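Visitor: generate a structure from the sequence data that follows.
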Amino acid sequence: MGNACYYSVEKLLSSSLLSKNLKVRIFKTVILPVVLYGCETWTLTLREEQRLRVFKNKVLRKIFGAKRDEVTREWRKLHNTELHALYSSPDIIRNIKSRRLRWAGHVARMGESRNAYGVLVGRPAVKRPLGRPRLRWEDNIKMDLREVGYDARDWINLAQNRDQWRAYVRAAMNLRVP
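Guide: Residues are numbered from 1 along each chain as shown. Presented below is the predicted three-dimensional model:
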């Protein structure tokens, strides 16, 4: 869906009539919400994280265009470091982790009568398939909390304190992601 949205506004993003600031606003308000829809419930693998970064860099390269090399006087694509210097917003993966932690805190504070809370704390009665178990959503929450410095043993009780939980959500947004 993100690619379809990107290709629907591709001509706008490559237009020389629009400013780069306007193109970045189009990216933030039109493309990113489509790409990140429902990301609070995703369990991301490293490969999926890399694909999201590549997509974001593709769009940013279209927005900022090519750069003329001062030494060889030839046009070239922008390097990732140059893209990140031009586009100062947080990494897409940090954004996903922050949203996921915010949603996890919201679900953990729900009452026991709510379906989302029941899914969170409930255990399915079926056996898991053979082989390496797939990551569960709760496993990703625990990994995200470990990255911000919390030893995620009892994160549901931690989420009951809103101020402390918000601090972890902000910390996840400010993480350095390679």
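
Visitor: hey, let's count contacts and neighbours off CA atoms from now on
Guide: OK.

Visitor: all helices of this structure, in order?
Guide: 2-8, 10-14, 20-26, 32-35, 46-64, 80-86, 92-108, 115-121, 137-147, 155-158, 162-173 (DSSP state H).

Visitor: I'd like the distance between the nearest residue to Gly105 once chain neighbours are set aside and Ile141.
Guide: Among residues not flanking Gly105 along the chain, Ala159 sits closest, at 5.0 Å (C-alpha to C-alpha, 6 or more residues apart in numbering). With the distance defined as C-alpha to C-alpha, to the nearest Å, Ala159 ends up 12 Å from Ile141.

Visitor: so what's Ile156 up against?
Guide: 105, 108-109 (C-alpha atoms under 8 Å, 6 or more residues apart in numbering).

Visitor: okay, those in JSON lines with pLDDT and distance to Glu49 next?
Guide: Below are the contacts of Ile156 laid out as JSON lines (pLDDT from 0 to 100; distance: C-alpha to C-alpha, whole Å):
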{"residue": "Gly105", "pLDDT": "93", "distance to Glu49": "22"}
{"residue": "Ala108", "pLDDT": "92", "distance to Glu49": "25"}
{"residue": "Arg109", "pLDDT": "92", "distance to Glu49": "28"}
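
Visitor: turn those into a markdown table, columns for distance to Gly38 and neighbour count.
Guide: As requested, these are arranged in a markdown table below (distance: C-alpha to C-alpha, whole Å; neighbours: other C-alpha atoms under 10 Å):
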| residue | distance to Gly38 | neighbour count |
| --- | --- | --- |
| Gly105 | 16 | 23 |
| Ala108 | 18 | 20 |
| Arg109 | 19 | 17 |
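
Visitor: now, which of those residues sits nearest Ala167?
Guide: For the contacts of Ile156, the residue nearest Ala167 by C-alpha to C-alpha is Gly105; the value is 11.6 Å.

Visitor: let me see the contact set for the residue nearest the centre of the chain.
Guide: Nearest to the geometric centre of the chain sits Ile96, at 2.7 Å (C-alpha atoms, centre = their mean). Going by C-alpha under 8 Å, 6+ apart, Ile96 touches 36, 39-40.

Visitor: now with 10 Å?
Guide: Counting by C-alpha atoms under 10 Å, 6 or more residues apart in numbering, Ile96 touches 36-42, 44, 49, 102, 172-173.

Visitor: separate out the buried members of the residues you listed.
Guide: Among the contacts of Ile96, those buried by neighbour count (16 or more other C-alpha atoms under 10 Å) are 36, 39-41, 44, 102, 172-173.

Visitor: many thanks, have a good one.
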